[in-house]
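Undergrad: I would like to see how this sequence folds:
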Amino acid sequence: MNQKLQAKDLINVGMFTALYFVCFFATGMLGYIPIFLVLLPLFCPLVAGIPFALYLTKVKKFGMVTITGTILGILMFITGHPWPVLVSGFVFGFLGDLIMKAGNYLSWKNLLLGYIVFSEWILGALAPLFFMRETYFETMRAGYGDTYTDTLMSLTPMWVFYCMILLAIAGGVAGAFLGKAVLKKHFKKAGIV
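TA: Below is the predicted model of the structure:
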């Protein structure tokens, strides 16, 4: 089998990245309520798990998931998120891709673990809440006002970042299993075991 990415593979990357992004971004709108912004690492991978699971039935070559993560990082950056999302999109896309490749994109265990790792890319969008706090909240205060910003600041002491890592793991697990359950026939047809 040819391991180079073909036009068909890139079309799948584009289609499923767009579908994933729409689900992810729509779920991300919950972030307009401060407590839900803190819970986005759980909600986003959960909701986006179904389109990503369908994508996994089409992924057969290394690089596809890396490209998806990179594009997602770029899209988030273009829509106003700080630069760390560019790094996390690429890094977690690449790591997820490596894990999935280790199972030849046919091992459910590798796909599950790969999606869990991939799901951590959201932390790049949220890291400025903790690591670029002063400038991030200054910008947020100008756009969202004092009440929203003060509430979010009170909800995000440093230890919450570590909780978000765990929430992204939980969201990745739940999203992967939900996707597998909904798309059982597709997984069987693709030969995923």
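
Undergrad: the helices in the chain, which residues?
TA: Secondary structure of the chain by DSSP state H: the helices cover 7-28, 34-47, 49-56, 64-78, 84-102, 108-119, 123-126, 128-131, 133-144, 146-155, 159-182, 184-190.

Undergrad: which non-adjacent residue is nearest Ala26?
TA: Val47 (7.7 Å; C-beta to C-beta, 6 or more residues apart in numbering). For every residue, glycine as well, the C-beta is placed using N, CA and C.

Undergrad: that neighbour: neighbouring residues, count only.
TA: Using other C-beta atoms under 10 Å, the number of residues around Val47 comes to 21.

Undergrad: and the gap between the residue most central in space within the chain and Thr149?
TA: In the chain, the C-alpha nearest the mean C-alpha coordinate belongs to Ser119, at 4.0 Å (C-alpha atoms, centre = their mean). As judged by C-beta to C-beta, to the nearest Å, Ser119 and Thr149 stand 27 Å apart.

Undergrad: number of nearby residues for the residue nearest to Leu112 when sequence neighbours are not counted?
TA: Of all residues not flanking Leu112 in the chain, Ala176 sits nearest, at 4.9 Å (C-beta to C-beta, 6+ apart). Using other C-beta under 10 Å, Ala176 has 26 other residues around it.

Undergrad: my guess is Ala176 contacts Pro51. True?
TA: No - using C-beta atoms under 8 Å as the test, Ala176 is too far from Pro51 to be in contact (12.0 Å).

Undergrad: now do the contacts for Ile33.
TA: Residues near Ile33 by C-beta atoms under 8 Å, 6 or more residues apart in numbering: none.

Undergrad: what does it show for phi and psi?
TA: Here is the backbone geometry of Ile33 (degrees, to the nearest 10): phi -110, psi 120.

Undergrad: on that earlier part again, now the residue nearest to the centre of the chain: how far from Ala26?
TA: 17 Å.

Undergrad: just Ile74 next, same as before
TA: As judged by C-beta to C-beta, Ile74 and Ala26 stand 19 Å apart.

Undergrad: please pull out the lowest mean pLDDT helix or strand from this structure.
TA: Taking mean pLDDT, DSSP states H and E as the measure, the helices and strands of the chain show their lowest mean at helix 184-190, namely a mean of 89.

Undergrad: what comes up buried for that helix?
TA: His186, Phe187, Ala190 (16 or more other C-beta atoms under 10 Å).
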